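# With the sequence up front, the predicted model follows.
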Amino acid sequence: MEHEITLVVNGTARRVTVPARRLLSDCLRHDLGLTGTHVGCEHGVCGCCTVLLDGEPVRSCLTFAVTVDGRDITTVEGLAPAGGLSAVQRAFAECHALQCGFCTPGFLCTVTALLRDNPAPTDEEVLEGLSGNLCRCTGYQNIAKAVHRAAELLAEES
């Protein structure tokens with residue numbers, strides 16, 4: 001059975017018809033063409049598919065698209081201001097907090113929410129905040145550094 005839903009994705013209302021069992025990750029990637037949301041484990045463990053749902057990080061590979069009808073979704077494509085990078089994206093680039101980049105969209109969404117809720121996290125709070133995202137390429141040191149650098153950049157912007 002198909003359902004017509006409206007998703008507010010990166011600030012724009014988008015109508016799409018999806019089967020009842022379509023995952024949000026598949027809807028974003030295949031129906032809406034937003035391929036920045038990556039699918040890794042498909043079990044909610046790796047965090048690659050993390051997007052912001054009404055500002056909160058969620059695993060889009062565990063979320064049915066029909067359950068988020070009318071809600072606000074921010075993908076990695078929606079984190080940056082027009083023509084630039086967000087503070088979190090700039091910090092990841094400055095601190096070399098990525099290698100292959102596959103996990104990066106999930107980390108960026110997670111860190112954006114983390115720093116919104118806790119603008120000056122301790123090392124322990126950073127590690128706890130990142131604990132739901134896996135990277136198979138790095139040792140996490142530069143990712144943790146990037147979180148602190150993003151906090152600095154956001155404080156400078158305020």
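Alright, I've got the coordinates.
# isn't residue 137 right next to residue 104, touching?
No. Residue 137 is beyond contact range of residue 104, at 10.0 Å (criterion: CB atoms under 8 Å). (C-beta placed from N, C-alpha, C; glycine too.)
# Which residue of the two possesses the greater neighbour count?
residue 104 (22 against 11; other CB atoms under 10 Å).
# quick one: contacts for the closest residue in space to that one that isn't next to it in sequence?
Closest residue to residue 104 apart from its sequence neighbours, by CB to CB, 6 or more residues apart in numbering: residue 98 at 4.7 Å. Residue 98 makes contact with 92, 104, 107, 137-138, 143 under the criterion CB atoms under 8 Å, 6 or more residues apart in numbering.
# swap in residue 88?
79, 108, 111-112, 115, 146, 150.
# Confirm it sits in a strand?
No. Using DSSP: H, G, I helix; E, B strand; the rest coil, the secondary structure at residue 88 is helix, not a strand.
# how many other residues sit next to residue 4?
10.
# helix/strand/coil for it?
Classified using three-state DSSP, residue 4 is strand.
# How about the one 3 residues further on?
Per three-state DSSP, the local secondary structure of residue 7 is strand.
# No more questions from me, cheers.
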